[in-house]
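**Q** I would like the atomic coordinates for the input below:
(one chain, ligands or ions: 2)
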Amino acid sequence: MPSPIRAPRGIKDIIPPDAFRFEKVLKEAEEILELGGFQKILLPLFESAALFSRSIGGATDIVEKEMYTFSDKGGDLFALRPEGTASLLRAAIEHHLADPGRIVRLSYSGPMFRHERPQAGRLRQFHQLGGEILGPLTPSEDVDLIALIYKMAGAFSIPSWTLLLNNMGCPDCRPAYREILVEYLKKHQQDLCATCHHRTLVNPLRVLDCKIPSCQIVLEAAPRITDFLCDKSRLHFLEVKSGLEALEIPYTLSHRLVRGLDYYTETTFEFVSDALGAQSTWAAGGRYDGLCQELGGPDIPGFGFAAGIERLWLLREKAGTLPVLPSPPVWLTVFPLLQEARPSALRLVQEMRNLSIPTTGYFGSGKIKSAFRQAERDRSRFLAFIGEDELASGTVQVKNLGTGEQISYGLKEWNRIAQEIQKTVLPS
Ligand SMILES: [Zn+2]
Ligand SMILES: [Zn+2]
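**A** Ligands and ions are numbered 1, 2, ... in the order given. All right, here's what the predicted structure looks like:
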């Protein structure tokens, strides 16, 4: 016998009944974005690989190691999307949605793909929900979007969360800081890991992100970007902080919060939680003022975030706020007890569905015992069966599986049957 083909490593099926709840977790988060005036955009799963190296940055982990790339028959290089912002901007530019004269709020959701080392909570296909605000933004738009994520934290009772906040400066002040940082890193080279050495050369700000404890001691003492901000960036940072304070949204300053992507400027933030063991991020984002122009669009600022749906799921599970399953999923199971009753049973199934009763039929004529077993597996509320006697008299037996009450109906008394079922399942 051939061995079964399994899902690729790091790829997870989401099976019933979790699939229903997973979509609901996403939907409920999307509803909060809708409340904030975001409009949904449906984006493709793959793009030109160049889109990501140009936006995310060639010297980032995502582009260097984690992207799934492939060539098509024409020899063009594509990549499965590792994140949503670059795609969204590409589409916004292509369809002239990004306009210097007005602000648009766009959201997206769906699977993202990164070739990461599979570990707990890290999948190679994972799901994100994201929102981006494009246009002539003020620091208040940064705060406004952070406030929506804060709303999610409350609505879903996300346990023990913290909002980390930083400002990464702008093209005016970051280059000078970068030099100061590189000088410091080189001075402490012997205390840093090999990855840090590599990053010092190609992307020094990313060194601040290193999770190795011995590196962290060095990095905690490193010069802080917020001490080297130009006036514009400093005022931006101040306005974001005072906006959060006005809304009474608690935050913690984190000077090492640089995010793994090159396109951020000014505000960066992460919502983390301790509930899943190590401090893990469930939503994060920031300002990207040069990205739109970098991708060939108009010179307009952007501010966005992405939330991990798998993380939201785990945190809501922990909090006991996962969406409840529809109860019952099936209201009626129809079971012919002999082959001759199949046409009547088929008809009954269709008529019940026409009357909006969720109905399944099992047509492999068998014993009444297996009918009960099947109905139980479906978590069905009613069982209808047509045996020899019923066929002869043109009737159908409908049994309430909760009370055991059994009523005989005419085979075509569809409305009466539906009413009886509705009355029980949806008590007014
Ligand atoms: Zn600046
Ligand atoms: Zn390191």
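**Q** can we go C-alpha only for contacts and neighbour counts from here?
**A** Noted.
**Q** Flag every buried residue along stretch 273-286.
**A** For stretch 273-286, burial by neighbour count (16 or more other C-alpha atoms under 10 Å) applies to 273, 275, 276, 280, 281, 282, 283, 284, 285, 286.
**Q** swap in stretch 14-27?
**A** 21, 22, 24, 25, 26.
**Q** what about the fourth one, distance to ligand 1?
**A** Translated: residue 25. Shown here: residue 25 relative to ligand 1, a distance of 38 Å by C-alpha to the ion, to the nearest Å.
**Q** so that residue makes contact with residue 308?
**A** No. At 10.7 Å, residue 25 and residue 308 do not qualify as touching, with contact defined as C-alpha atoms under 8 Å.
**Q** Flag the shaky bits of the stretch 1-150 of the chain, pLDDT-wise.
**A** 59, 120-121 (pLDDT under 70).
**Q** wait, what's in contact with the residue in it positioned nearest to ligand 1?
**A** Closest approach between the stretch 1-150 of the chain and ligand 1, counting by C-alpha to the ion: residue 139, at 13.5 Å. Applying C-alpha atoms under 8 Å, 6 or more residues apart in numbering to residue 139 gives the contacts 236, 237, 239, 240.
**Q** which one of those residues has the most neighbours?
**A** Highest neighbour count within the contacts of residue 139: residue 240, with 24 neighbours (other C-alpha atoms under 10 Å).
**Q** near ligand 1 at all, the host helix or strand of that one?
**A** In this assignment (DSSP states H and E), residue 240 forms part of helix 231-246. Yes. Contact of helix 231-246 with ligand 1 (C-alpha under 5 Å from the ion) involves residue 233.
**Q** What is that helix packed up against?
**A** Helices and strands touching helix 231-246, by 3 or more C-alpha pairs under 8 Å, 6 or more residues apart in numbering; DSSP states H and E, are helix 139-155, strand 161-167, strand 265-273.
**Q** Please spell out which residues along it are buried.
**A** 233, 234, 236, 237, 239, 240, 241, 243, 244.
**Q** what's the closest non-adjacent residue to the fourth one?
**A** Same thing as residue 237. Of all residues not flanking residue 237 in the chain, residue 167 sits nearest, at 6.2 Å (C-alpha to C-alpha, 6 or more residues apart in numbering).
**Q** can you count the residues close to the one you found?
**A** Residue 167: 28 surrounding residues under other C-alpha under 10 Å.
**Q** again, but for residue 227
**A** What residue 227 shows, counting by other C-alpha under 10 Å, is a neighbour count of 10.
**Q** ok, now residue 197?
**A** Other residues lying near residue 197 total 17 when counted by other C-alpha under 10 Å.
**Q** Which strand or helix spans it?
**A** Using DSSP H and E, residue 197 sits in helix 194-202.
**Q** and if you look at residue 47?
**A** Element membership for residue 47 (DSSP H and E) is strand 46-48.
**Q** Moving C-terminal from that strand, which element do we reach first?
**A** Past strand 46-48, the next helix or strand by DSSP H and E is helix 49-55.
**Q** Quick one, grab the pLDDT at the nearest residue to residue 21 once chain neighbours are set aside.
**A** Sequence neighbours aside, residue 323 is the residue nearest to residue 21 in space, at 5.8 Å (criterion: C-alpha to C-alpha, 6+ apart). If you check residue 323, the pLDDT there is 93.
**Q** Over to residue 374?
**A** For residue 374, the pLDDT comes out at 88.
**Q** circling back: pull the most distant pair out of the buried residues of helix 231-246.
**A** For the buried residues of helix 231-246, the farthest-apart pair by C-alpha to C-alpha is 233 and 244; their separation is 16.7 Å.
**Q** doesn't residue 298 make contact with residue 101?
**A** No. If you go by C-alpha under 8 Å, residue 101 and residue 298 don't touch, sitting 10.5 Å apart.
**Q** Look at those two and report which has more neighbours.
**A** Taking neighbours as other C-alpha under 10 Å, residue 101 and residue 298 compare with residue 298 leading, 17 against 9.
**Q** Which residues are in contact with that one?
**A** Taking C-alpha under 8 Å, 6+ apart, we find residue 298 in contact with 93, 98, 99, 100, 292.
**Q** hang on, the earlier thing: so which of the buried residues of stretch 273-286 belong to helices?
**A** Under the assignment DSSP state H, these contribute nothing to helices.
**Q** export those residues to a markdown table and tack on distance to residue 416 and pLDDT?
**A** Output for these, formatted as a markdown table (distance: C-alpha to C-alpha, whole Å; pLDDT from 0 to 100):
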| residue | distance to residue 416 | pLDDT |
| --- | --- | --- |
| 273 | 53 | 95 |
| 275 | 51 | 91 |
| 276 | 51 | 81 |
| 280 | 54 | 87 |
| 281 | 53 | 92 |
| 282 | 50 | 96 |
| 283 | 50 | 97 |
| 284 | 54 | 96 |
| 285 | 55 | 95 |
| 286 | 58 | 96 |
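**Q** and for stretch 235-243, what are the contacting residues?
**A** Contact with stretch 235-243 is made by 139, 140, 142, 143, 166, 167, 266, 267, as judged by C-alpha under 8 Å, 6+ apart.
**Q** Ligand 1 contacts on the chain?
**A** Counting by C-alpha under 5 Å from the ion, the chain sits next to ligand 1 at 169, 170, 172, 173, 230, 233.
**Q** Tell me how far residue 401 lies from residue 372.
**A** 9 Å (C-alpha to C-alpha, to the nearest Å).
**Q** Tell me the residues that contact both of those two, please.
**A** Contacts common to residue 401 and residue 372, judged by C-alpha under 8 Å, 6+ apart, are residue 383.
**Q** What strand or helix carries residue 404?
**A** For residue 404, there is no enclosing helix or strand under DSSP H and E.
**Q** I'm done for today, thanks for sticking with me.
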